[in-house]
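> got a predicted structure plus its sequence, pasted below:
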Amino acid sequence: MTYETILTETRGKVGLITLNRPKALNALNSRVLAELVAAVTDFGSNADIGAMVVTGSEKAFAAGADIKEMQALSYADAYTQDFFVGWEDFTRTRKPIIAAVAGYALGGGCELAMMCDFIIAADNAKFGQPEITLGVMPGMGGSQRLTRFVGKSKAMDMCLTGRMMDAQEAERSGLVSRVVPASDLVEEAVKAAAKIAEFSLPSVMMTKEAVNRAYETTLGEGLRFERRLFHSLFAFEDQKEGMAAFAEKRKPNFTNR
Ligand SMILES: CC(C)=CC(=O)SCCNC(=O)CCNC(=O)[C@H](O)C(C)(C)COP(=O)(O)OP(=O)(O)OC[C@H]1O[C@@H](n2cnc3c(N)ncnc32)[C@H](O)[C@@H]1OP(=O)(O)O
């Protein structure tokens, strides 16, 4: 499929999505949202794809929601359209998505990265929630997701001062899983996604579901949920194959059955 604001390609079993509005530093407007949702839905339903990577350019992952698109929005429009609710569709895919972030990931850009399952940052990455400087506040999940990633104190600091955090601070704070040289970013993220895509898809999807459940439930409920999913994996041929392959000292041949 051809898009106007993103590029898509496959690298083996990995679906790679590149934000492509260079003149606006990949600012996220409604067209980008529609195309991102279409691309993840498309890769999500493609049986040959096991994981995805979303990236931007070396200068900007995304410099935020499109300020020029929002500028004239009225309260009536924002409320009746439930402005930004469409981003929930981006998070519905059950296959893992890695955000590969170089340069600016600000406002909605940081929020988009946090909607992904984990973030690999280039050493030049800069994260921030500068909405306060525009007279507003995070609206695509920043106040909630950033707080869960880095804790209350740093989330308050980021959201109330609008300052940026570099890649090292983001890694120390738990916002990103690892930092790599900018020149290797996409290759490293695709390598990580390809590793995930080698595994049995049902166990990958259930792992994602279980980790995400940790954000929404109590420890007791989460542990029971994890155990039930774990039990259900014994209904799959891939459990027999994975364990037999270990015992027979060979590589498993997963069929996602
Ligand atoms: C409100 C909610 C809920 C969410 C949000 O995300 S609000 C947006 C949050 N983001 C920001 O406030 C960052 C805005 N951008 C900047 O501060 C700067 O662009 C920069 C520091 C990221 C980079 O500065 P630089 O001097 O290198 O580049 P610019 O000349 O400023 O930008 C190039 C080009 O891109 C347009 N741009 C940048 N960010 C956005 C944006 N978020 N929305 C719309 N357009 C954006 C910028 O206007 C310029 O375009 P023109 O040359 O046509 O003016």
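It's in. Numbering: from 1, shown residues only.

> quick check, L73 in a strand?
No. Going by DSSP: H, G, I helix; E, B strand; the rest coil, the assignment for L73 is coil, not a strand.

> ok, so what distance separates it from the ligand?
Noted for L73: a distance of 10 Å to the ligand, by C-beta to the nearest ligand atom, to the nearest Å. Quick note: C-beta positions are derived from backbone N, CA and C, even for glycine.

> cool, and R224?
Counting by C-beta to the nearest ligand atom - R224 and the ligand are separated by 36 Å.

> same thing with R94?
26 Å.

> for that residue, which non-adjacent residue is closest in space?
Distance criterion C-beta to C-beta, 6 or more residues apart in numbering; nearest residue to R94, sequence neighbours excluded, is M205 at 4.7 Å.

> so that neighbour makes contact with K95?
Yes. Applying C-beta atoms under 8 Å, one finds M205 in contact with K95, separated by 6.8 Å.

> compare these two (neighbour count), which wins?
Higher neighbour count among M205 and K95: K95, with 22 against 17, using other C-beta atoms under 10 Å.

> what ranges does the stretch 51-200 of the chain have for its strands?
In the stretch 51-200 of the chain, the strands defined using DSSP state E, counting those that start in this stretch lie at 51-55, 60-62, 97-101, 104-106, 118-122, 126-128, 164-166, 178-180.

> and those as JSON lines, adding mean neighbour count, mean pLDDT and distance to the ligand?
Below are these laid out as JSON lines (neighbours: other C-beta atoms under 10 Å; pLDDT from 0 to 100; distance: least, C-beta to the nearest ligand atom, whole Å):
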{"stretch": "strand 51-55", "mean neighbour count": "26", "mean pLDDT": "98", "distance to the ligand": "16"}
{"stretch": "strand 60-62", "mean neighbour count": "28", "mean pLDDT": "98", "distance to the ligand": "6"}
{"stretch": "strand 97-101", "mean neighbour count": "27", "mean pLDDT": "99", "distance to the ligand": "13"}
{"stretch": "strand 104-106", "mean neighbour count": "27", "mean pLDDT": "98", "distance to the ligand": "4"}
{"stretch": "strand 118-122", "mean neighbour count": "25", "mean pLDDT": "98", "distance to the ligand": "15"}
{"stretch": "strand 126-128", "mean neighbour count": "25", "mean pLDDT": "98", "distance to the ligand": "8"}
{"stretch": "strand 164-166", "mean neighbour count": "19", "mean pLDDT": "98", "distance to the ligand": "8"}
{"stretch": "strand 178-180", "mean neighbour count": "19", "mean pLDDT": "98", "distance to the ligand": "20"}
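
> among those, which is nearest Q71?
Of all the strands of the stretch 51-200 of the chain, strand 104-106 sits nearest to Q71, with 16.7 Å by C-beta to C-beta.
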